[in-house]
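Participant: What follows is a predicted structure for the sequence shown.
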Amino acid sequence: MAYRSRERVARILAHQEADRVPFDAIAFGGVPLRQWCDEFGFGEDERQCFSEGDFRYLTFDLEAERSRFAPYLPGLPEAANVTPFGVGELPLKSADGYAAGDKLYHPLANVNTVQELEEFPFPDVTAERAHGHLESAVEAAKADGFTVLGQMSQTVLETAYSMRGIDRLFLDLYERPGYVRALFEALTERRCFQARRFAQAGVDVLRIGDDIATQRGLMVSPETYREWVKPYHARVVAAAREVNPEIPVLYHSDGALTALLPDLIEVGVTAINPCQPEAMPPAEIKRRFGDRLSLWGCCGTQSAYAHGSPEDVEAELDMLMGKVAPGGGLVVQFYNMLVTPRVLANLRQFVQCFYEIARYR
């Protein structure tokens with residue numbers, strides 16, 4: 001039988017138990033997966049679980065022409081990439097040669113007035129070439145058994161501070177509030193169009209989010225979030241729900257996000273990611289919010305996998321199945337994982353035991 005099951009995911013996100021906990025394999029790269037599957041004698045179902053998982057992410061096909069943003073990115077290294085919003089990204093490597101994020105170059109660093117902002121070449125999300133493929137892509141993914149996500153994380157705030165620079169943007173809240181409003185409006189207008197189109201195309205889940213927390217707490221106060229960011233999040237979710245009132249909404253932010261969860265629930269968020277165990281203990285979040293939020297992630301990439309042992313990995317999985325999985329509402333996923341030899345050893349243990357541990361008994 002095929003591994004994937006759309007019914008499985010639908011039940012889990014509706015806070016019901018299914019045959020097993022779903023696995024999101026989107027960030028599960030950089031590991032010798034085929035070698036491990038051969039070593040453990042895995043069949044096709046186990047291989048599908050780890051190599052493809054239960055989910056397919058779809059995005060808008062936005063142009064990122066480097067030449068359009070050249071005046072805004074002086075000194076950008078040739079090795080850097082440029083996003084559709086003009087952010088320069090220079091890939092970084094750890095001492096061991098593993099991927100370690102990006103150095104960002106901010107195209108709005110020297111754009112200081114609303115008039116200058118209005119002249120900036122924002123991407124045209126309404127162009128047919130950007131979204132005309134969505135219906136067929138959704139249909140094909142569903143036919144293959146995937147639950148389909150419309151991906152538009154870095155929705156407003158994170159795109160804004162990536163474009164402007166986080167220090168400048170947070171100062172702008174006080175020194176140039178009109179500028180910030182104009183920037184947020186420009187981004188939200190585009191995100192509302194994207195959210196509406198994803199819903200029209202039939203995606204199963206809308207994925208939004210802005211990194212708004214550190215390991216220790218929020219980057220901004222709850223009051224600042226409610227004044228400056230929450231209304232824009234609410235508009236994006238509402239745009240999707242004009243088309244599909246029942247569409248689940250997954251919100252991504254690293255860090256300790258707990259203080260904002262009631263606000264995100266009010267906005268219409270139904271699942272959070274990655275629910276970092278180091279900053280948001282999944283069992284505690286499940287106890288407090290599990291009737292309203294699904295937890296999507298929950299793997300200790302900075303603790304059990306980075307510094308623990310294979311036994312610690314198995315203990316964490318046992319905890320998730322014992323305290324978070326009951327009643328549904330858990331999707332397992334890795335995120336922001338710096339691969340090292342120790343991490344590889346612990347991921348090997350995950351691959352060896354997750355498929356069996358993740359069954360509902």
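Facilitator: Yep, it's here.

Participant: quick one, phi/psi of the residue nearest the centre of the chain?
Facilitator: Taking Cα atoms, centre = their mean as the criterion, H252 is the residue nearest the geometric centre of the chain, at 4.5 Å. H252 has phi and psi values of phi -110, psi 130 when expressed as degrees, to the nearest 10.

Participant: so who does it touch?
Facilitator: Going by Cβ atoms under 8 Å, 6 or more residues apart in numbering, H252 touches S153, R207, I208, G209, D211, I272, N273, P274. Every C-beta, even on glycine, is put in place using the N, C-alpha and C of the backbone.

Participant: Could you say which helix or strand holds R56?
Facilitator: strand 55-58 (DSSP states H and E).

Participant: What pairs with that strand, parallel or antiparallel?
Facilitator: strand 147-151 (parallel) (DSSP bridges).

Participant: helix or strand right after the partner strand?
Facilitator: Counting by DSSP H and E, what follows strand 147-151 is helix 157-164.

Participant: can you put the contacts of H252 in JSON lines and add secondary structure?
Facilitator: Putting these into JSON lines (DSSP: H, G, I helix; E, B strand; the rest coil) gives the following:
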{"residue": "S153", "secondary structure": "coil"}
{"residue": "R207", "secondary structure": "strand"}
{"residue": "I208", "secondary structure": "strand"}
{"residue": "G209", "secondary structure": "strand"}
{"residue": "D211", "secondary structure": "coil"}
{"residue": "I272", "secondary structure": "strand"}
{"residue": "N273", "secondary structure": "strand"}
{"residue": "P274", "secondary structure": "coil"}
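
Participant: that older thread, what's the local residue count around the closest residue to the residue nearest to the centre of the chain other than its chain neighbours?
Facilitator: Leaving aside its sequence neighbours, H252 sits nearest to G209 (Cβ to Cβ, 6 or more residues apart in numbering; 3.2 Å). The tally of other residues near G209 (other Cβ atoms under 10 Å) stands at 25.

Participant: thinking again about what came up before, convert the C-alpha atoms of the strand holding R56 to CSV, please.
Facilitator: Output in CSV follows, covering the C-alpha atoms of strand 55-58 (Å, rounded to 0.1, in the frame of the first residue of the first chain):
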residue,chain,number,x,y,z
PHE,A,55,3.2,17.2,2.1
ARG,A,56,3.8,19.1,-1.1
TYR,A,57,4.7,22.9,-0.9
LEU,A,58,3.6,25.1,-3.8
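
Participant: Contacts for it next, please.
Facilitator: Contact partners of strand 55-58, identified using Cβ under 8 Å, 6+ apart, comprise 9, 22, 24-26, 134, 137-138, 141, 144, 146-151, 198, 201, 203, 207.

Participant: of the residues you listed, buried ones?
Facilitator: 9, 22, 24-25, 134, 137-138, 141, 146-151, 198, 201, 203, 207 (16 or more other Cβ atoms under 10 Å).

Participant: check which helix or strand covers L347.
Facilitator: helix 341-357.

Participant: now do Y251
Facilitator: strand 249-252.

Participant: Give me the sheet partners of that strand and which way each runs.
Facilitator: strand 205-209 (parallel), strand 271-273 (parallel).

Participant: export the ones you listed to JSON lines and tack on distance to P77 and mean pLDDT?
Facilitator: JSON lines is the format used below for the strands paired with strand 249-252 (distance: least, Cβ to Cβ, whole Å; pLDDT from 0 to 100):
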{"stretch": "strand 205-209", "distance to P77": "28", "mean pLDDT": "98"}
{"stretch": "strand 271-273", "distance to P77": "31", "mean pLDDT": "98"}
